[in-house]
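Colleague: heads up, no residue letters with this:
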Ligand code: FES
């Protein structure tokens, strides 16, 4: 990735993701200032949320909890290591 551009993190806040705790996931991700965090609408992955997308890496994390959001901050956003075990298996089938 272009190291001069900050990453963008999208957090779905639509219906099923919201029901599954996306507001707390968003709050956790907003506690860092290394990437830009935005709310987004339904990503078509309802039921496997909360969904968090990291761009431009194009990584979709599923079933994200506040604890997993913290791991995304520490490992992916700061450490530049994608977390294979937390990636959505339909979008990242080789993990
Ligand atoms: S409600 Fe989040 S992906 Fe559809």
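Modeller: Sure, I can see it. What you are looking at is a predicted structure, and each value in this text was computed from that prediction instead of being measured. Numbering: from 1, shown residues only.

Colleague: CA atoms for contacts and neighbours, from now on please.
Modeller: Fine.

Colleague: The ligand versus residue 11, what's the distance?
Modeller: 8 Å (CA to the nearest ligand atom, to the nearest Å).

Colleague: same deal with residue 47?
Modeller: If you measure residue 47 against the ligand using CA to the nearest ligand atom, the figure is 7 Å.

Colleague: Might one say that residue 41 is in contact with residue 16?
Modeller: No - with contacts defined as CA atoms under 8 Å, residue 41 does not count as touching residue 16, sitting 10.8 Å away.

Colleague: all strands for the chain, in order.
Modeller: Along the chain, the segments classed as strands by DSSP state E run 8-12, 36-40, 52-55, 59-61.

Colleague: What's the end-to-end length of stretch 7-24?
Modeller: End-to-end distance for stretch 7-24, by CA to CA, to the nearest Å: 20 Å.

Colleague: What lies in contact with it?
Modeller: The contact list for stretch 7-24, computed with CA atoms under 8 Å, 6 or more residues apart in numbering, reads 25-26, 34-43, 46-56, 64-66, 77.

Colleague: Contact distance from the ligand - what residues of this protein qualify?
Modeller: Within reach of the ligand by CA under 6 Å from any ligand atom, the chain has these residues: 12, 14, 15, 16, 17, 42, 43, 44, 45, 46, 49, 51.

Colleague: which stretches of this structure have low pLDDT?
Modeller: 1-4 (pLDDT under 70).
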